[in-house]
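A.B. asks: no sequence for this one, just the structure:
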């Protein structure tokens, strides 16, 4: 089972993360996602645990754990986030989409109103 580890300290390396994961079961693969331009960690990783029991144990023990300066967020990875080309950003981290329509009756700042009437 593949788990997603988020909110990693940018200084955390693969060796440190593997050492922590190993405490909770056998790690069959570990992908610490790196920024291609800077060569630094993007702050999240995917770990494939040997069994579902190992994965559940790692999630339970590591979610909320402090590693370096950060508190980790760990959960089961969504299948779509581990596909090739999607590993550069966790699925729920994407910005929400703006609606493709604009409400009628006004501008973005609010509904229009007519100018004040002149007094006689």
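C.D. replies: Perfect, I can see it now. Computed from a predicted model, the values in this text were never measured in an experiment. Residues are numbered from 1 along each chain as shown.
A.B. asks: can we go C-alpha only for contacts and neighbour counts from here?
C.D. replies: OK.
A.B. asks: So which residues of this protein form strands?
C.D. replies: With DSSP state E as the criterion, the chain has strands at 2-6, 27-34, 41-49, 66-67, 70-71, 73-76, 106-107, 110-111.
A.B. asks: where does residue 76 sit relative to residue 53, distance-wise?
C.D. replies: Summarising the geometry, the distance separating residue 76 from residue 53, computed by Cα to Cα, to the nearest Å, is 12 Å.
A.B. asks: should've said residue 47
C.D. replies: Separation of residue 47 from residue 53 (Cα to Cα): 14 Å.
A.B. asks: Residue 7 now?
C.D. replies: Counting by Cα to Cα, the separation of residue 7 from residue 53 is 23 Å.
A.B. asks: Same question for residue 12.
C.D. replies: 25 Å.
A.B. asks: Poorly predicted segments of this protein, please.
C.D. replies: Counting by pLDDT under 70, the chain has low-confidence residues at 81-114, 120.
A.B. asks: Same question for the biggest helix by length in it: list its buried residues.
C.D. replies: Using DSSP state H to assign secondary structure, the helix with the most residues in the chain is helix 52-62. Taking 16 or more other Cα atoms under 10 Å as the basis for neighbour counts, the residues of helix 52-62 that come out buried are 54-59, 62.
A.B. asks: Looking at these, which is nearest residue 1?
C.D. replies: Nearest to residue 1 out of these is residue 55 (Cα to Cα; 6.1 Å).
A.B. asks: Nearest residue to that closest one in space, please, no chain neighbours.
C.D. replies: Using Cα to Cα, 6 or more residues apart in numbering and skipping residues adjacent in sequence, the residue nearest residue 55 is residue 49, 5.4 Å away.
A.B. asks: give me the beta-bridge partners of the one you found?
C.D. replies: On the basis of DSSP bridges, residue 49 takes part in beta bridges with residue 27.
A.B. asks: show me the contacts for it.
C.D. replies: 1-3, 25-29, 55 (Cα atoms under 8 Å, 6 or more residues apart in numbering).
A.B. asks: between these, which is nearest residue 39?
C.D. replies: The nearest member of the contacts of residue 49 to residue 39, counting by Cα to Cα, is residue 29 at 20.0 Å.
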